[in-house]
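Q: sequence first, then the predicted structure, then my questions.
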Amino acid sequence: MSAPWAARPGDDVLADLADLRRADPPTHGGRVLSYVYDSGRADLDDVAARAVTLFLPVNGLDPTTFTSVAALESRLVARARDVLHGGPDTVGSVTTGGTESCLLAVKSARDTWRAADPSRAHARPTLVLPTTAHPAFHKAAAYLDLDVVAVPVDPDRGTPDAAAVLAALDERTALVVVSAPSYPFGVVDPVAEVAAGAAARGVACHVDACIGGWVLPWWGHDVPAWDLAVDGVTSISADLHKYGFAPKGASVVLYRDPARHRAQHFATTAWPGYPVVNPTVLGSRSAGGLAAAWAVLETLGHDGIATLVARTRDATAHLHDAATATRGLRVVGRPTGPLLALATDDTAPAADRVDPFHLVDALRHRGWLAQAQPALTQPDGTVLPRTAHLTITPVTQHVADDLAAALDDAATAVRGRAPATPDPALAQRVLTDGLPPDLAGVMATLEALPPDVVRPLLVEVLARAVAPRL
């Protein structure tokens, strides 16, 4: 063991933390177009911080001891049930985020599927989903021993055909997943058609509304049916730390049938300690996110969220128009909600085309952080295009003109430039020297490498980034 470390004044420690934060991109102001969801209201940050402080010492492990946890979770689930059009029997849980919500929905479906037939007790079921479904479901399948059946989506629309999804269902299918909207392209899958067909086949249907759950209810009348009002939808997830504007991490997962909610639980007495029952993945868990989520929703109220969604929709429409008018770019599909994916307009002359990877780098040089999304070859051989992803939030309305101008300027700077291509030597350089300032070549290399090469490479890059320094 190394020498014990010395105690330091709290102010010095906090100064160190402030120095570390200064290296991060700005989480407020609308210049980071992924990962963070800025309401533009400082009062919400303040009430959330105060709520977290009040619940800092509370352990959410046992709501029968800390009854405040049970009360808050009940209130949040009830609020989500109303927003997502659940019925009187709709129940659920507050989780630490969308990944946990999705994982629990898969566990519930797997265990319910196995319990329905004794011959399935140790069988390996399938999870059917579009190729645009969130990786949380692939993670859940890996953790919980399911096979993933991926259904291609239309490269222009970004959505699957309902008939193709339903054709993939069989006696091994424990769950089918649809998104409202999908993260890569911001389009809503054909929820009503898939849910109806799944119900007719006796298959559970989960709607991943982690992005859309707290924004689509206020988006307008042009949103296709997508929530618990749709017959056949058996579960739904919606993140409070996205467009519910709570701090990380808070999400809800709801079930139409209480029995499916019970199936997500874990309980055991197989040790000499206290009886253990966990509704979610974690045992001990912070109650701070729960309290902050409730505080923010109550501070906003229905009309407050409606106002923030209206600002988000206005900014999204403005940027959609700006992107559509940008020579060499196109918006993928017909997005419903606050996400845009910008692809190369392949119908334009080569001299006019804009490569999304170069565009993302050019935007970064101008102070805007968009996400580069690699192309994907689907199981049927069709290819989804590489894109630049933009997540729009209420605060974007205040900077939409500046962002539209930056988008035009960045596109002009890279227009006609040959698409980023893979560099065989780049992977080793990244492992040795870290990521370069411009990532177009990195993304093109990851796009081109086989998955069994990319996955360990990604693991190694991240593991090295957080490894202890000598």
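A: Good, I have the coordinates.
Q: pLDDT score assigned to Leu470?
A: The model reports Leu470 with a pLDDT of 62.
Q: how about Met1?
A: Looking at Met1, its pLDDT reads 60.
Q: got it, and Arg464?
A: Turning to Arg464, the model gives it a pLDDT of 85.
Q: at which residues are the strands of the stretch 101-250 of the chain located?
A: 126-130, 147-151, 173-179, 204-208, 235-239 (DSSP state E, counting those that start in this stretch).
Q: quick check: which of these is nearest to Leu342?
A: Among the strands of the stretch 101-250 of the chain, the nearest to Leu342 by Cβ to Cβ is strand 173-179 (19.1 Å). For every residue, glycine as well, the C-beta is placed using N, CA and C.
Q: and the closest one with strand 204-208, angle?
A: With axes from the mean of the first three to the mean of the last three Cα atoms, to 10 degrees defining the directions, strand 173-179 sits at 30 degrees from strand 204-208.
Q: dump strand 173-179 to PDB, restricted to CA.
A: Output in PDB follows, covering the C-alpha atoms of strand 173-179 (Å, rounded to 0.1, in the frame of the first residue of the first chain):
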ATOM      1  CA  THR A 173     -39.800 -14.000 -29.100                       C
ATOM      2  CA  ALA A 174     -40.000 -12.700 -25.600                       C
ATOM      3  CA  LEU A 175     -40.200  -9.000 -26.600                       C
ATOM      4  CA  VAL A 176     -40.400  -6.700 -29.600                       C
ATOM      5  CA  VAL A 177     -39.100  -3.200 -29.200                       C
ATOM      6  CA  VAL A 178     -40.000   0.000 -31.100                       C
ATOM      7  CA  SER A 179     -38.800   3.600 -30.500                       C
END
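Q: separation between Arg81 and Ala372?
A: Distance of Arg81 to Ala372, given as Cβ to Cβ, to the nearest Å: 37 Å.
Q: can you check Ala250 too?
A: With Cβ to Cβ as the criterion, Ala250 and Ala372 are 28 Å apart.
Q: check His265 too.
A: Taken as Cβ to Cβ, the span from His265 to Ala372 is 39 Å.
Q: more neighbours, the two?
A: Between His265 and Ala372, counted using other Cβ atoms under 10 Å, Ala372 has the larger neighbour count: 24 against 15.
Q: which SS class is the residue of the chain most remote from its centre?
A: Distance from the C-alpha centroid of the chain peaks at Ala3, with 42.3 Å (Cα atoms, centre = their mean). Classification of Ala3 using DSSP: H, G, I helix; E, B strand; the rest coil returns coil.
Q: which parts of the worst-scoring helix or strand of the chain on mean pLDDT count as buried, going by neighbours?
A: When the helices and strands of the chain are scored by mean pLDDT, DSSP states H and E, helix 426-433 comes last with a mean of 81. For helix 426-433, burial by neighbour count (16 or more other Cβ atoms under 10 Å) applies to 426-427, 430.
Q: swap in stretch 78-96?
A: Using 16+ other Cβ under 10 Å as the test for burial, stretch 78-96 gives 79-81, 83-86, 90-96.
Q: in those residues, find the pair that's most separated.
A: The widest separation within the buried residues of stretch 78-96 (Cβ to Cβ) is 24.5 Å, between His85 and Thr96.
Q: CSV please, covering the buried residues of helix 426-433 and showing distance to Leu300.
A: Listed next are these as CSV, based on distance: Cβ to Cβ, whole Å:
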residue, distance to Leu300
Leu426, 45
Ala427, 46
Val430, 42
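Q: mean neighbour count for the strands of the stretch 101-250 of the chain - can I get that in JSON lines?
A: What follows is the strands of the stretch 101-250 of the chain, written out as JSON lines (neighbours: other Cβ atoms under 10 Å):
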{"stretch": "strand 126-130", "mean neighbour count": "25"}
{"stretch": "strand 147-151", "mean neighbour count": "18"}
{"stretch": "strand 173-179", "mean neighbour count": "28"}
{"stretch": "strand 204-208", "mean neighbour count": "28"}
{"stretch": "strand 235-239", "mean neighbour count": "30"}
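Q: so which of those comes closest to Ala317?
A: Per Cβ to Cβ, nearest to Ala317 of the strands of the stretch 101-250 of the chain: strand 173-179, 21.3 Å.
Q: tell me the neighbouring strands of the closest one, and mark each as parallel or antiparallel.
A: Within its sheet, strand 173-179 is paired with strand 126-130 (parallel), strand 204-208 (parallel), according to DSSP bridges.
Q: those strands into a markdown table, with extra columns for mean pLDDT?
A: Converted to a markdown table, the strands paired with strand 173-179 look like this (pLDDT from 0 to 100):
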| stretch | mean pLDDT |
| --- | --- |
| strand 126-130 | 98 |
| strand 204-208 | 98 |
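Q: among the ones you listed, which comes closest to Ala116?
A: Using Cβ to Cβ, the nearest of those to Ala116 is strand 204-208, at 10.4 Å.
Q: and the angle for that closest one with strand 235-239?
A: Angle, strand 204-208 to strand 235-239, by the same axes, to 10 degrees: 10 degrees.
Q: list of residues touching strand 204-208?
A: With contact meaning Cβ atoms under 8 Å, 6 or more residues apart in numbering, strand 204-208 is reached by 98, 102, 105-106, 109, 112-113, 133-134, 136-137, 174-180, 182, 191, 194-195, 198-199, 226-227, 230, 232-237, 260.
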